[in-house]
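Asks: Quick one: sequence and predicted model below, then my questions.
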Amino acid sequence: MNSRLAPLIAILSGFFLSSGSIAAQAPPAKPSTWTAPRLPDGRPDLSGYWSNNTIAPLERPAALAGKEFVSEDEARALEREARERTRASDRQAIERPGEVGDYNAAFKEDSKWALANGRTSIITDPKDGRMPPLTPEARKKFEADQEYHTAHPHDGPEGMTTIERCITWISSGPPMLPTFYNNNYHIVQTRDYLIINVEMIHDVRIIPLDGRPHGNITQWMGDSRGHWEGNTLVVETINFNGKRGWFGTPMTEGGGGRRPDAKMRVIERFTRTAPDILLYQFTVDDPGTYAQPWSGEIPMRSFSGPVYEYACHEGNYGMQTILSGARSDEKNAARR
């Protein structure tokens, strides 16, 4: 490994998704004469199988403040080190007999294309690559949720994260953010609809493109409507139910991360920029939670498919076992 990258990689070793930077400016874009394929209505065809897998973290590590991009060679080195960390974790698990274990390298995604845009964070605005601070009211609520969840982690299914309950996943969106595995989507497009089949929790987003107004029913993934601006599909989503836990690491931020407000508004942009690239950009406007809007982008890459069923549901055996185990612990504690 290049010795110059060792300190950089060490800084990032705690992330599920990690990156680093030395260069301050993006590499110059290469000119292209490629034109996106079209549907009969003349619109760019976004259909296909796409992955947003990346080792770039959602937020830029504080130790890399002001360093927005890496070179191609540095990106490849970081990707190799990320794969080695996964394998090292597997070896350490083998050396801990008696433990039930966790997802190993067979499950986790080792992307060979993980830093295609060279960014050290998914977040592009604010320019520091960090999420804006919570409002005072949201911070107070978040800390209360954390405290309660720590004291009552498994009182019942309602207090557990929507990820643990197999209701929604971070990648379901919007915005559609990657996690450590199964970052795959199947998009089907017609004149009047865009359908996004999300691998995790098998969510399906059905987005009308025919100009109809938003409804008034709140939903887990909100109510989406799309329209075209040139070659870019713009999707606006409102009417969230405010019950999800999203941004953050849900298993360490009690109750499922920083919970968005029901009045959150998300704007997504989908643009074909190359035969194998679907540029995904988004802006989150959630004044009930964050001091300012924040934006990000991920170049999604194509793959041959298919997307297999992720057979996870709210009443699964794992949930029953977790809750029955918690009740057993309570009984044992009461006997002491």
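Replies: Cool, got the structure. Bear in mind that the values here come from a model prediction, so they are computed numbers and not experimental data.

Asks: buried set for the helix or strand hosting Lys140?
Replies: For Lys140, the element it lies in under DSSP states H and E is helix 136-151. Judged by neighbour count (16 or more other CB atoms under 10 Å), helix 136-151 contains these buried residues: Ala138, Lys141, Phe142, Asp145, His149. Glycine gets a C-beta too; all of them are placed from N, C-alpha and C.

Asks: how far does it sit from the chain's center?
Replies: With CA atoms, centre = their mean, to the nearest Å as the basis, helix 136-151 stands 22 Å off its chain's centre.

Asks: can you list the residues that contact the next helix or strand after it?
Replies: Scanning forward in sequence from helix 136-151 by DSSP H and E, the next helix or strand is strand 184-189. With contacts defined as CB atoms under 8 Å, 6 or more residues apart in numbering, strand 184-189 is touched by 39, 43, 45-52, 176, 194-199, 278, 300, 303, 305-307.

Asks: Among the residues you listed, which lie within strands?
Replies: The strands, defined by DSSP state E, take in Gly48, Tyr49, Trp50, Ser51, Leu194, Ile195, Ile196, Asn197, Val198, Leu278, Met300 from the contacts of strand 184-189.

Asks: Just the closest of the residues you listed to Ile123, please.
Replies: Met300 (16.6 Å; CB to CB).

Asks: tally of neighbours for the closest one?
Replies: Per other CB atoms under 10 Å, the neighbour tally for Met300 reads 27.

Asks: Bridged to it, which residues?
Replies: Leu278 (DSSP bridges).

Asks: Tell me if I'm right that it and Thr54 touch.
Replies: No. Contact criterion CB atoms under 8 Å: Met300 and Thr54 do not qualify, at 9.3 Å.

Asks: circling back: just the buried residues of the ones in strands among the contacts of strand 184-189.
Replies: Counted by 16+ other CB under 10 Å, these give Gly48, Tyr49, Trp50, Ser51, Leu194, Ile196, Asn197, Val198, Leu278, Met300 as buried.

Asks: If we ignore the residues flanking it in sequence, what's nearest the fifth one?
Replies: So the one you mean is Leu194. Ile207 (4.5 Å; CB to CB, 6 or more residues apart in numbering).

Asks: cool, the first one as well?
Replies: Once its chain neighbours are removed from consideration, Gly48 has its nearest residue in Ser302; the separation is 5.6 Å (CB to CB, 6+ apart).

Asks: what residues are up against the one you found?
Replies: By CB under 8 Å, 6+ apart, the contact list for Ser302 reads Gly48, Tyr49, Trp50, Ser51, Pro275, Asp276, Ile277, Leu278.

Asks: Fine, thanks again, bye for now.
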